[in-house]
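Enquirer: I'd like to go over a predicted model; first the sequence, then the structure.
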Amino acid sequence: MAFGAFQSAAPAGTGAPVTQVQKKSPVALWLLLPGILYLILFFVTPLFSLVLTSFQSPVPGGFLGEFQTAFRWENYVDVVSTYFSHIGRSFVYATLATIFALLLGYPIAYVIGVKLRAYPLLQALALVLLIAPFFISFLLRTLAWKQIFSDEGFVVGALKTLQLIPSDAYLTGTPFSVVFGLTYMFLPFMALPIYTTLERLDLRYVEAGGDLYANPFTVFRTVTFPLSIPGVISGTLLTFIPATGDYINASRDFLGSTDTAMMGNVIEANFLVLQNFPAAAALSLILMMSILILVSAYVRRSGTDDLL
């Protein structure tokens with residue numbers, strides 16, 4: 001093929017050729033159409049409806065759940081002032097759950113991805129055990145932990161028998177049980193991305209550190225952990241984001257109580273019980289924007305902007 005088919009003539013007075021910009025095929029644009037329509041139908045439209053709902057005001061003399069279109073900014077001020085403790089509690093619980101999931105998930109991923117690499121069968125078995133909870137309903141697993149932590153359960157009974165806790169102490173309905181539930185539920189979301197990164201780790205770098213007389217901790221600190229940072233970032237995002245909006249573990253029907261309610265519980269109550277749709281919509285948008293801002297700052301701070 002002639003060279004001129006790829007390059008246009010150089011401008012007068014210059015010796016450098018100018019590369020032509022290839023036009024995208026209309027077929028590729030048509031193939032994007034179903035995805036674009038899907039996003040408009042199931043993401044943009046509900047989000048737009050949520051924004052409109054968040055500014056609605058009650059109909060004077062109307063029934064419960066009856067609102068009219070308006071532009072009432074006070075809805076956001078009201079929900080923040082009313083549910084400020086729930087907002088702060090959600091981020092505190094999610095942060096603690098993310099930290100604990102990282103402390104537990106990283107060793108699990110390290111063992112599976114590095115230590116068991118020479119034993120494919122054991123590695124596959126460990127992966128199956130890590131993924132196995134996904135085959136059981138989220139609700140059933142949470143109810144199981146509620147039974148375990150109940151006053152008549154084995155854990156509380158054993159702790160009372162050993163006199164490690166007072167006789168009137170309890171675990172369900174406490175911040176401990178909620179954070180524990182969040183950590184347990186999202187632990188695989190932390191471990192799997194880290195495992196994926198460590199599984200691709202070139203062990204020759206680790207061996208080189210040992211050949212240079214570095215102790216195992218120094219090798220881990222200077223070689224292994226820095227190379228696994230992308231997996232850590234992905235794992236923390238996959239854990240923190242859903243944990244912040246979780247409403248199952250903190251519900252009084254499961255591991256929580258009214259004193260441990262998070263934003264998800266408040267949004268659910270305003271939508272389904274109180275029928276205060278503007279307040280629920282405003283809280284939902286505040287939750288989404290808060291998570292978006294925190295995640296963006298976290299990713300940029302960690303130097304992994306390509307994850308955005």
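Expert: On my side now, so go ahead. Numbering: from 1, shown residues only.
Enquirer: so what does the helix or strand harbouring residue 183 touch, helix or strand wise?
Expert: According to DSSP states H and E, residue 183 maps onto helix 175-199. If contacts are counted by 3 or more CB pairs under 8 Å, 6 or more residues apart in numbering; DSSP states H and E, helix 175-199 sits against helix 84-110, helix 120-131, helix 138-149, helix 229-244. Using the backbone N, CA and C atoms, a C-beta is placed for each residue, glycine as well.
Enquirer: could I get these as a markdown table with mean neighbour count, distance to residue 51 and mean pLDDT?
Expert: Listed next are the helices and strands packed on helix 175-199 as a markdown table, based on neighbours: other CB atoms under 10 Å; distance: least, CB to CB, whole Å; pLDDT from 0 to 100:
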| stretch | mean neighbour count | distance to residue 51 | mean pLDDT |
| --- | --- | --- | --- |
| helix 84-110 | 19 | 19 | 97 |
| helix 120-131 | 14 | 37 | 95 |
| helix 138-149 | 15 | 29 | 93 |
| helix 229-244 | 22 | 20 | 95 |
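Enquirer: out of the ones you listed, which comes closest to residue 213?
Expert: helix 84-110 (22.3 Å; CB to CB).
Enquirer: which elements pack onto the closest one?
Expert: Helix 84-110 packs on helix 175-199, helix 229-244, helix 263-268, helix 277-302, going by 3+ CB pairs under 8 Å, 6+ apart.
Enquirer: among those helices, which comes closest to residue 80?
Expert: helix 277-302 (7.0 Å).
Enquirer: the closest one: which residues count as buried?
Expert: Buried residues in helix 277-302, counting neighbours by 16 or more other CB atoms under 10 Å, are found at 277-287, 291, 294-295, 299.
Enquirer: related to what we said a few turns ago, to residue 27, which of the helices and strands packed on helix 175-199 lies closest?
Expert: helix 229-244 (33.2 Å).
Enquirer: neighbouring contacts of that closest one?
Expert: 90-91, 93-95, 97-98, 101-102, 105-106, 109, 182, 186, 189-198, 262-263, 287, 291, 295, 298-299, 302, 304, 307 (CB atoms under 8 Å, 6 or more residues apart in numbering).
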